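Q: The sequence isn't on hand, but the structure is:
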């Protein structure tokens, strides 16, 4: 099965390519390297034994997409490519809507012309906005609290309307909770540019000495220790979820929506403690003001994916933190620049 | 004041160009003629005494937009261009999101490069979804019930986020209720392609003999005569509203949102009777099933526009129907094809 993987050089995309290769699929990576480095390809090859085809391209380049899909007999697309920093999206909303929303429209248009009718989209639990309760099921109402989240929600809405009008397509929306961890070999991991937006890479950069301390945004939430609770999921589990989605519903006409989460919530301080224990390093932190748009707690009900995809997140909190630390301590500056 | 008018050859755009010329503004029309005819330009000239510059272009053509804005020293943009048929949007959602949402993103990007920071956007009362009550004020929650409406809502959200990040811009969202009527000279009017989607052009085509009867979609709504109630507004009033918006807030930094409606609701049967009276022709109708997504009643609270723009819809129901009939009876097949 030949699968075009947009954004395949990124954090989740690269890990998913490895799991696809292990499952006998052939990923063809399409990435503009805006937020990733070309050396990721070497790491994928080293770990999987296979060097995927890589095309340096932008998803807004329709003719290149069509050409690549035809040349490589693409049957499915997994669409990871997109901008993903909440703070940046507030400053540069036009870029977020152009890359994420328009980029997806161009991709679907290209797929239509290349006669590829199976798409798995990288969505996010951010589309649940501030949920009324936890755990969150797929039929919860959707909303957004910032341009990044709105761009994900708009893409979901565009794809939903498109699938309704094109009933012979398979479109799958995978709503990720909070991906963390790294490949257990320590060869691949999360390598954010600049100041990390997410907790785990920030914590690991503190532990490795790149940053002085962690800022904890609020400890007065209505949670047991006052810090925000999230559903952290190991990136290897998340990657397996993509493989399961392709295998189970990639050829099934319809709109398919799944939460990819563990169903467990951990607080910021839980994560800090677990990381200190995994790394043997102290992670100093300071409590600062709440961050606008943050919610108290958010975790998935993963039952639908368990039942329909036969997929379940298996990796433990220890694996999440140990694998993160293995990557970070072996690659304190992330991937080598070319 | 040089104003780029995207979609300026369309129904509302062409009438607005005339009112702009009367007010001493210089419209520069940018239209791809997808849904309009080039002979509209002759009609604008005949009525106003001025032939505006016309560029045959698509709003997704960024370099052409930049060139035009620079060449004509554009200071403001009124953005009418867009697809507008609800039924078609269900069949072709990708085209609606591409033309309406992406088209607006390209336009704003071009404006940014041409250093034009004042935009008036053609929005719609459709963004109120199924309102909890009437009359509707601008702070009602927004939602959408079909891809057309969603595309308008997405544009509003993109522009709102963009203005928040670019506080030196003036962005005005004008939410139209139900535009009807024609220029009182009978030289310009609504000229839908194919089967009209809206009530008035359908009624007038029945009266002029182009169609056999009107289908009334449901007479069991909780309204006095059972048919849906809407806020019909004369296109000349709507056009004046655009001029008022440009004059009052076009140079005022911020996000400005106004309902453009009369504050009066008329039922389908009210409109049929008024039209029969204006035209002296019978308008046979048949009651058929409700149309999915239609709501019982919808009318504006226009107070904000009255207070802040000094604008008020003045034309009566008689003028709406008489002007429609004058246009339709003098031009039974609409504008001449070129």
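A: In hand now; what should we look at? Treat the numbers as computed from the prediction; the structure is a model and nothing was measured.

Q: Do a quick rundown of the strands in chain A.
A: With DSSP state E as the criterion, chain A has strands at A:2-6, A:26-31, A:53-56, A:76-79, A:118-124, A:170-176, A:178-180, A:214-217, A:229-230, A:232-234, A:254-260, A:266-267, A:285-288, A:297-298.

Q: want to try TSV for these, with mean neighbour count, distance to residue B:113 and mean pLDDT as columns?
A: Yep, even glycine has a C-beta here, placed from its N, CA and C like the rest. Putting the strands of chain A into TSV (neighbours: other C-beta atoms under 10 Å in any protein chain shown; distance: least, C-beta to C-beta, whole Å; pLDDT from 0 to 100) gives the following:
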stretch	mean neighbour count	distance to residue B:113	mean pLDDT
strand A:2-6	25	27	98
strand A:26-31	25	27	98
strand A:53-56	17	26	98
strand A:76-79	25	28	98
strand A:118-124	24	30	98
strand A:170-176	23	34	98
strand A:178-180	25	36	97
strand A:214-217	18	36	97
strand A:229-230	24	40	97
strand A:232-234	27	41	98
strand A:254-260	22	37	98
strand A:266-267	22	46	98
strand A:285-288	14	38	97
strand A:297-298	21	39	96
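
Q: residues from chain A in reach of chain B?
A: A:90-94, A:97-98, A:101-102, A:105, A:108-109, A:112, A:147, A:150, A:154, A:157-158, A:161-162, A:164-165 (C-beta under 8 Å from any C-beta of the partner chain).

Q: neighbours of residue A:252, just the number please.
A: By other C-beta atoms under 10 Å in any protein chain shown, the residues close to residue A:252 number 11.

Q: OK, contacts around it?
A: Contact analysis of residue A:252 by C-beta atoms under 8 Å, 6 or more residues apart in numbering or on different chains lists residue A:170.

Q: sorry, back to before: from the residues of chain A next to chain B, which would you call buried?
A: A:90, A:92-94, A:97-98, A:101-102, A:105, A:108-109, A:147, A:150, A:154, A:157-158, A:161-162 (16 or more other C-beta atoms under 10 Å in any protein chain shown).

Q: quick one on the thing from earlier: so can I have CSV of the strands of chain A showing distance to residue B:64?
A: CSV is the format used below for these (distance: least, C-beta to C-beta, whole Å):
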stretch, distance to residue B:64
strand A:2-6, 29
strand A:26-31, 29
strand A:53-56, 28
strand A:76-79, 30
strand A:118-124, 32
strand A:170-176, 33
strand A:178-180, 42
strand A:214-217, 45
strand A:229-230, 46
strand A:232-234, 46
strand A:254-260, 37
strand A:266-267, 53
strand A:285-288, 48
strand A:297-298, 45
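
Q: next one: phi and psi at the residue lying farthest from the centre of chain A?
A: Note on chain A: the largest separation between a C-alpha and the mean C-alpha position, by C-alpha atoms, centre = their mean, falls on residue A:220 (28.3 Å). Backbone geometry at residue A:220, expressed as degrees, to the nearest 10, gives phi -120, psi 30.

Q: So it versus residue A:289, what's the distance?
A: When C-beta to C-beta, to the nearest Å is the yardstick, residue A:220 and residue A:289 sit 10 Å from each other.

Q: With residue A:313 instead?
A: Counting by C-beta to C-beta, the gap from residue A:313 to residue A:289 is 32 Å.

Q: what does residue A:254 give?
A: Between residue A:254 and residue A:289 the computed distance is 44 Å (C-beta to C-beta).

Q: what's the answer for residue A:129, then?
A: For residue A:129, the distance to residue A:289 equals 21 Å [C-beta to C-beta].

Q: Over to residue A:33?
A: With distances taken as C-beta to C-beta, residue A:33 is found 35 Å from residue A:289.

Q: the more surrounded of those two?
A: Shown here are residue A:33 and residue A:289; by other C-beta under 10 Å, residue A:33 has more neighbours (15 against 9).

Q: Show the end-to-end separation of stretch A:19-38, please.
A: Taking C-alpha to C-alpha, to the nearest Å, the span from the opening residue of stretch A:19-38 to its closing residue is 19 Å.

Q: And it, how far out from the chain middle?
A: Taking the mean C-alpha point of stretch A:19-38 and that of its whole chain, the gap between them comes to 13 Å (C-alpha atoms, centre = their mean, to the nearest Å).

Q: residue contacts, the closest residue to residue A:50 other than its chain neighbours?
A: The spatial neighbour of residue A:50 that comes closest, neighbours along the chain excluded (C-beta to C-beta, 6 or more residues apart in numbering or on different chains), is residue A:21 at 4.9 Å. Contact analysis of residue A:21 by C-beta under 8 Å, 6+ apart lists A:27, A:44, A:48-50, A:52.

Q: quick one, helices of chain A?
A: Residue ranges of the helices in chain A, as given by DSSP state H, are A:11-22, A:40-48, A:62-71, A:86-91, A:93-96, A:103-114, A:147-165, A:199-207, A:235-249, A:268-279, A:303-309, A:317-330.

Q: With mean pLDDT as added columns, please give these in JSON lines.
A: As requested, those are arranged in JSON lines below (pLDDT from 0 to 100):
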{"stretch": "helix A:11-22", "mean pLDDT": "98"}
{"stretch": "helix A:40-48", "mean pLDDT": "98"}
{"stretch": "helix A:62-71", "mean pLDDT": "98"}
{"stretch": "helix A:86-91", "mean pLDDT": "94"}
{"stretch": "helix A:93-96", "mean pLDDT": "98"}
{"stretch": "helix A:103-114", "mean pLDDT": "98"}
{"stretch": "helix A:147-165", "mean pLDDT": "98"}
{"stretch": "helix A:199-207", "mean pLDDT": "95"}
{"stretch": "helix A:235-249", "mean pLDDT": "98"}
{"stretch": "helix A:268-279", "mean pLDDT": "97"}
{"stretch": "helix A:303-309", "mean pLDDT": "98"}
{"stretch": "helix A:317-330", "mean pLDDT": "96"}
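
Q: Quick check, the residue in the stretch 151-300 of chain A closest to chain B?
A: Nearest to chain B, among the residues of the stretch 151-300 of chain A, is residue A:161, at 3.7 Å (C-beta to the nearest C-beta).

Q: Return the distance of the residue lying closest to that residue once chain neighbours are set aside relative to residue A:167.
A: Nearest in space to residue A:161, with sequence neighbours left out and distances taken as C-beta to C-beta, 6+ apart, is residue B:93 at 3.7 Å. In this structure, residue B:93 and residue A:167 are separated by 13 Å, where distance is defined by C-beta to C-beta.

Q: for residue A:319, same thing?
A: Counting by C-beta to C-beta - residue A:319 and residue A:167 are separated by 41 Å.

Q: and these two? which has more neighbours close in?
A: Neighbours were tallied for residue A:319 and for residue A:167 using other C-beta under 10 Å; the higher tally belongs to residue A:319 (18 against 9).

Q: show me what contacts that one?
A: So residue A:319 contacts A:181, A:184, A:234 (C-beta under 8 Å, 6+ apart).

Q: and with 7 Å instead?
A: A:181, A:234 (C-beta atoms under 7 Å, 6 or more residues apart in numbering or on different chains).

Q: And for the one 10 residues further on?
A: Contact criterion C-beta under 7 Å, 6+ apart gives residue A:208 as the residues in contact with residue A:329.

Q: cutoff 6 Å now
A: Shown in contact with residue A:329 (C-beta atoms under 6 Å, 6 or more residues apart in numbering or on different chains): no residues.

Q: mind listing what the residue nearest to residue A:161 touches?
A: When the contact criterion is C-beta under 6 Å, 6+ apart, the partners of residue B:93 are A:161-162, A:165, B:147.

Q: Show me which of these is closest to residue B:296.
A: Minimum separation from residue B:296 among these (C-beta to C-beta) is found for residue B:147, which lies at 22.3 Å.

Q: how much space between the closest one and residue B:89?
A: Between residue B:147 and residue B:89 the distance, using C-beta to C-beta, works out to 4 Å.

Q: Need the overlap of contacts for those two.
A: Common neighbours of residue B:147 and residue B:89 are listed as residue B:96 (criterion: C-beta under 6 Å, 6+ apart).

Q: Off-centre distance for stretch A:167-185?
A: On the basis of C-alpha atoms, centre = their mean, stretch A:167-185 is displaced by 6 Å from the centre of the chain it belongs to.
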